[in-house]
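Visitor: next input, structure requested:
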Amino acid sequence: MSFLAGGAGPGVGQPGLGWQQWVLALVEQLSAEQAHARHWEAQAWRERANGARFEGLCANLTGKVVELQGRVAELELENEGLRNSNQDLLKKPFGLTSDKREPGQGGQQPVAPGPQGGGQQPGGGAQGPGTRKKKRGGQPGSKAPKRTRRKDLAVQEEVHEPESGNCKCKDCGLPFARNGEAVSERVEIEVKAHLRRIRRTRWRASCECAAQRGESQPEVVAPPEPSLFRGTSYGLSVWVTFLVQVYWQRHPARAFEREWGDWGVRLPASTLLGHQEAFLEWFKPLERAIGEHQRWAQVAHGDETSWVVHVRAEEGQNARCWLWACLTADAVRMRVEDSRSARAAATLFGGLGLEGPLTLVCDRYCAYVRLAREHGGQIELAFCWAHVRRDYVKLVRSRPNLEEWGDGILDRIALLYRLNRQRLELWDQPAGLQEQGPGFAAVQLRLEAECAALFAQAEREVQRFEAEEKLSGWADPRLKPQRSLLKHQPGLEIFLQKPGVPLDNNAAERVLRRPVVGRKLSYGSHSKVGAKLQGTLLSVFGTLAMGGVSLTQWLTAYLGECERIGPGKVVPDADAWLPWGFTPKRRETLQAGPAGRSRGPRARATVAGGLRPASWN
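Guide: Take a look at the predicted model:
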């Protein structure tokens, strides 16, 4: 532009420079100025872009800082929860475990609280934060229990006289007159083994009649007493004691040998365990009869626990097996399987439900879900509310900041238990659900409303937690138990329309408690035959205990029958030796006394609706 301003550059009036050259020079000058301007415009654009990028980076970093701060807070809560869980794990080996809260924590403590109010305990009044926890055992002011009258025990009279010198007057020396007696009783136990020597007299002819005929003298002798096993000198009482203590009370076989060795009796464990196959053949018909009897049940409980078979480890296989249990109203069947799959579950539950679909009360293990799917409508699953409750108890223990929220859910579940118990008290079993009285109908409507409200709350919270997870990328810990609740909703609502279906699977867990305690003492079974025999005897003994049968008397009678029919044979009618097939005379003979009756699931809680079999009445 200096050309137009009369600058030092060549102009039109300058000598030797025409107007064409001047125009070309002007164009070149303008191009240079435009390139210079574009350069600075590009620099300004890059600066603005860098500024925007820097602002975005700052905003992103600020968001990450906030996210990391939240994550740090979450990890601190998780660390606190793990610390609490560690304390729970440390308490388990040394104390009782349950779903109850620790002293001082809020919320509803029992699984099935008292019949009145949301905050009452089974034993009495409301338990607030400042209320002192009631101690176990007898309470102050309560009546003392009556002295137990042991009428079934034999009595051995003993008379203790005072010293003769104390029975006369110290002043005049006259003797005292008898003035009644003071009577006290002591229960004594005497364990004493003895050798039963059997003498069979022999009689021989004293005449010569047989000699005149050229025959040997005839001789008569009493027939030999039948023996359970040939070549052994053990009587029935030894085998009865062995089976009860080792396979029912779960004393280790070696401990059984040492215990009786202390009483002066040598009972080698190897000799006793060497007859497992014979016992298995004798008890198999009873186990099969129990399975056939359970096929008519409409409600059953199912559960499983680990069991070790040590010989499998010696063979290079996994030694961990599983003890499955199938519990109905009047029978229990157990079996040791090598897996925890639906195939193993089908061996116990696959043939059940002859009179219609079987309602199986169980936990949420996937093998039961697959079992129901593979049997196409024959089995419907009623999931356990106690397992659902444990999800929230575990979450509250690990996340103290969610205690108020978790207590609200636990109170709702406790209310379901209370309403269901009230409903069962008003339930007329023969009548249908629609033919019940007005009291039952009122409780039924409230129970359905409370259950629907619990699932509605879970649905709302799942939607909210999922939306928050999409925005923040962080999953709320309450999302998992609420999702599980909605996922298993159909199985959790079955009890509403079927009052005979319990809310939880505690009955099956109580049945497995005895084998679990025994497993900790004897470390499972050594051989495969021993594992089969263990499951068979648990089935037979558990069923008899549910019927209030004395195991000792029953085993004496049953093994005596096996002894009579001889080895290699089984009883012809297995049902006649089970509670539902007892004759009145046999039932009266084998019935256990009040002290020996089982305090099993039939006595402590409803099993399959608490219905007592008609054949037992």
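Visitor: just give me how far stretch 140-149 sits from the chain centre.
Guide: 34 Å (CA atoms, centre = their mean, to the nearest Å).
Visitor: just the CA trace of it, in CSV.
Guide: Output of stretch 140-149 as CSV, limited to C-alpha atoms (Å, rounded to 0.1, in the frame of the first residue of the first chain):
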residue,chain,number,x,y,z
PRO,A,140,-37.0,-63.1,87.8
GLY,A,141,-40.4,-63.6,89.3
SER,A,142,-41.3,-66.5,87.0
LYS,A,143,-42.5,-69.9,88.4
ALA,A,144,-39.9,-72.6,88.9
PRO,A,145,-40.4,-75.6,86.7
LYS,A,146,-41.9,-78.7,88.2
ARG,A,147,-39.6,-81.5,89.2
THR,A,148,-39.4,-84.2,86.6
ARG,A,149,-41.0,-87.5,87.5
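Visitor: any idea how far residue 416 is from residue 447?
Guide: From residue 416 across to residue 447, the span is 7 Å (CB to CB, to the nearest Å). Placement of C-beta: from N, CA and C, glycine included.
Visitor: and for residue 527?
Guide: From residue 527 to residue 447 the distance is 50 Å (CB to CB).
Visitor: between the two, who's got more neighbours?
Guide: Applying other CB atoms under 10 Å to residue 527 and residue 447 shows that residue 447 carries more neighbours, namely 20 against 15.
Visitor: which ones are touching that one?
Guide: Residue 447 sits next to 416, 419-420, 423, 496 when contact means CB atoms under 8 Å, 6 or more residues apart in numbering.
Visitor: that one is in what secondary structure piece?
Guide: helix 438-472 (DSSP states H and E).
Visitor: for the nearest residue to residue 237 once chain neighbours are set aside, which residues are in contact?
Guide: In space, and not counting its chain neighbours, residue 237 is closest to residue 556: 7.5 Å by CB to CB, 6 or more residues apart in numbering. Contact analysis of residue 556 by CB under 8 Å, 6+ apart lists 236-237, 240.
Visitor: could you do residue 276 as well?
Guide: 527, 529-530, 533.
Visitor: strands of the stretch 301-450 of the chain, start to end?
Guide: 320-327, 332-337, 358-362, 379-383 (DSSP state E, counting those that start in this stretch).
Visitor: now distance to residue 293 too, for those strands, in a markdown table please.
Guide: Compiled in a markdown table, the strands of the stretch 301-450 of the chain are given as follows (distance: least, CB to CB, whole Å):
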| stretch | distance to residue 293 |
| --- | --- |
| strand 320-327 | 11 |
| strand 332-337 | 9 |
| strand 358-362 | 14 |
| strand 379-383 | 18 |
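Visitor: picking up where we left off before, buried residues in the helix holding residue 447, which are they?
Guide: Residues 440, 443-444, 447, 451, 454, 458, 461-462, 465 are the ones in helix 438-472 that count as buried (16 or more other CB atoms under 10 Å).
Visitor: thinking again about what came up before, give me the buried entries from the contacts of residue 556.
Guide: Buried by 16+ other CB under 10 Å: 236, 240, out of the contacts of residue 556.
Visitor: what average pLDDT does the host helix or strand of residue 50 get?
Guide: Here residue 50, judged by DSSP H and E, is contained in helix 19-91. Average pLDDT, helix 19-91: 81.
Visitor: cool, and stretch 189-197?
Guide: 85.
Visitor: one more: stretch 344-358?
Guide: 86.
Visitor: and if you look at stretch 464-478?
Guide: Rounded mean pLDDT across stretch 464-478 is 88.
Visitor: residues contacting residue 144?
Guide: Per CB under 8 Å, 6+ apart, neighbours of residue 144: residue 138.
Visitor: least confident secondary structure element in the chain?
Guide: Lowest on mean pLDDT, DSSP states H and E among the helices and strands of the chain sits helix 601-604, with a mean of 38.
Visitor: ok, back up a step: and the helix holding residue 50, what does it pack against?
Guide: Contact here means 3 or more CB pairs under 8 Å, 6 or more residues apart in numbering; DSSP states H and E; on that basis helix 19-91 packs against helix 385-398.
Visitor: which residues sit against the helix it packs on?
Guide: Contacts to helix 385-398, defined as CB under 8 Å, 6+ apart, come from residues 78, 80-82, 84-85, 88, 99, 101, 107, 111, 363-364, 402-403, 406-407, 409-410, 413, 416-417, 477-478, 480-481, 484-485, 488, 492, 503-506.
Visitor: mind running it again at 6 Å?
Guide: The contact list for helix 385-398 (CB atoms under 6 Å, 6 or more residues apart in numbering) reads 81, 84-85, 99, 363, 403, 406, 409-410, 413, 481, 503-504, 506.
Visitor: which residue in those residues has the weakest pLDDT?
Guide: The member of these with the lowest pLDDT is residue 99, at 51.
Visitor: show me where the stretch 201-350 of the chain has helices.
Guide: 209-212, 236-243, 253-262, 269-273, 276-294, 310-314, 342-349 (DSSP state H, counting those that start in this stretch).
Visitor: mind putting those into JSON lines with distance to residue 68?
Guide: Below are the helices of the stretch 201-350 of the chain laid out as JSON lines (distance: least, CB to CB, whole Å):
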{"stretch": "helix 209-212", "distance to residue 68": "111"}
{"stretch": "helix 236-243", "distance to residue 68": "65"}
{"stretch": "helix 253-262", "distance to residue 68": "58"}
{"stretch": "helix 269-273", "distance to residue 68": "63"}
{"stretch": "helix 276-294", "distance to residue 68": "58"}
{"stretch": "helix 310-314", "distance to residue 68": "48"}
{"stretch": "helix 342-349", "distance to residue 68": "45"}
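Visitor: for residue 564, find the nearest of the ones you listed.
Guide: Among these, the nearest to residue 564 by CB to CB is helix 236-243 (11.1 Å).
Visitor: cool, thanks, signing off.
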